[in-house]
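Student: Sequence plus the predicted model coming up.
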Amino acid sequence: MNNISIIIPTYNRSKILLKTLKALENQNYPKSNYEVIIADDGSSDDTNLQIEKFQSKTDLKIKYFKLNHVSSCHARNTAISNTKYELILTIDDDIITTANFIEEHVRFHKDCNFKKDVGVLGYTVWPPEWRVSSFMKYVIEKGPLYSYGLIKNELDLPFSYLYTSNFSINKAFLLENGMLDERFPKYFEDTELGYRLKKKGLKIFLNKKAVAYHYHPTSILSFMKRQELAGFYAVVFYLKHQELKNFLLPSDNKDTFWKDLVFEKLFKFKRISILDIKDKFYCDLIRYSYNNGLKKGLNSFKK
């Protein structure tokens, strides 16, 4: 029961992938108890050669699958189908794990008596050596990247917190209730999976000790582009689960924040901080980009 399979989809990221593998090689967990499954989504760089070199120098158990370029969703499903162990831990190819990462995921499942309907979300943050901007802090704590600061109960997370960049789950439960929907080439595929699995009884726990670093630089401009794509694929989600209209297609009411800011703080003589203003600015930019994607998606699927 202490064995676990680590899933990594990858595409044209050989350099950072090697760092990901080296971090997995240096875990405080017996190598005999875990394997690494790499599903290469048709990389055109030297990923296959780098993995061959790495395999020749390590005792880490690695399975490598070179696929045609379809999507990370397809790659992840392929990797899951080729796992050996009952527990699955899925990460990304730009995730660098801390030394007790695997141990912490397994420990949480052990504390839950390895129940099939338990999923564990780890804690993903920016690398400690990076200079982290206020925007980067916002998207992790309050924005749509991870939203850790909005969690109310760490022992019962909503379905939207199934992030495949740092998540462990029982393989049998996953196979019984359906894997990732490959109609989502990018974005919302893990959220949609979380929605289906929560309806089947999945309980999602947060383990802040299962720390990993996300080596994927972001800026306001790049994140706005990301959110526009997210808005587009939210329409795919909506067409499949129309009961989630209010979750996926939020109203564009820009007065709400200012109402909270002015009436709840200024009129009650509470200080309005620069952080409040920044959060408002970031929130509006993200919402604007997401709504643009929604409009494009809705127009596209009407045709």
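Tutor: Yep, it's here.

Student: Quickly list the domain ranges of this structure.
Tutor: 4-217, 221-302 (automatic domain parsing).

Student: Quickly, which of these bottoms out on average pLDDT?
Tutor: Of all these, domain 221-302 carries the lowest average pLDDT, namely a mean of 78.

Student: quick one: the strands in the stretch 101-250 of the chain?
Tutor: Per DSSP state E, counting those that start in this stretch, the stretch 101-250 of the chain carries strands over the ranges 118-125, 166-170, 203-214.

Student: pretty sure Asp181 is touching Cys73, no?
Tutor: Yes. Counting by Cβ atoms under 8 Å, Asp181 does reach Cys73; the two are 7.4 Å apart. The C-beta positions use only the backbone N, C-alpha and C, and glycine is treated the same way.

Student: Need the residues touching each of these two.
Tutor: Counting by Cβ atoms under 8 Å, 6 or more residues apart in numbering, the residues touching both Asp181 and Cys73 are Glu189.

Student: quick one on the thing from earlier: quick one: the strands of the stretch 101-250 of the chain as a markdown table, columns for mean neighbour count and distance to Gly194 too.
Tutor: Listed next are those as a markdown table, based on neighbours: other Cβ atoms under 10 Å; distance: least, Cβ to Cβ, whole Å:
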| stretch | mean neighbour count | distance to Gly194 |
| --- | --- | --- |
| strand 118-125 | 22 | 8 |
| strand 166-170 | 24 | 9 |
| strand 203-214 | 19 | 7 |
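
Student: for these, which one sits closest to Thr98?
Tutor: Nearest to Thr98 among the strands of the stretch 101-250 of the chain is strand 203-214 (4.6 Å), distances taken as Cβ to Cβ.

Student: How far does that closest one sit from its chain's centre?
Tutor: Offset of strand 203-214 from its chain centre (Cα atoms, centre = their mean, to the nearest Å): 11 Å.

Student: what helices or strands is that strand leaning on?
Tutor: Applying 3 or more Cβ pairs under 8 Å, 6 or more residues apart in numbering; DSSP states H and E, one finds that strand 203-214 contacts strand 95-97, helix 101-111, strand 118-125.

Student: Make CSV from those and add distance to Cys283 to it.
Tutor: Below are those laid out as CSV (distance: least, Cβ to Cβ, whole Å):
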stretch, distance to Cys283
strand 95-97, 26
helix 101-111, 31
strand 118-125, 21
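
Student: right, and the ones you listed - which one's nearest Asp276?
Tutor: Closest among those, using Cβ to Cβ: strand 118-125, at 23.0 Å.

Student: Helix 101-111 and the closest one, what's the angle between them?
Tutor: 150 degrees (axes from the mean of the first three to the mean of the last three Cα atoms, to 10 degrees).

Student: Parallel or antiparallel, list what pairs with strand 118-125.
Tutor: strand 166-170 (antiparallel), strand 203-214 (parallel) (DSSP bridges).

Student: Only alpha carbons, please: show the longest one as CSV.
Tutor: Listed next in CSV are the C-alpha coordinates belonging to strand 203-214 (Å, rounded to 0.1, in the frame of the first residue of the first chain):
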residue,chain,number,x,y,z
LYS,A,203,-13.0,13.9,-0.6
ILE,A,204,-10.1,16.3,-1.3
PHE,A,205,-7.7,17.2,1.4
LEU,A,206,-5.0,19.8,1.4
ASN,A,207,-1.5,18.8,2.7
LYS,A,208,0.7,22.0,2.9
LYS,A,209,3.7,19.8,3.8
ALA,A,210,3.7,18.2,0.3
VAL,A,211,5.6,21.2,-1.1
ALA,A,212,6.6,21.6,-4.7
TYR,A,213,8.0,24.5,-6.7
HIS,A,214,6.5,25.7,-9.9
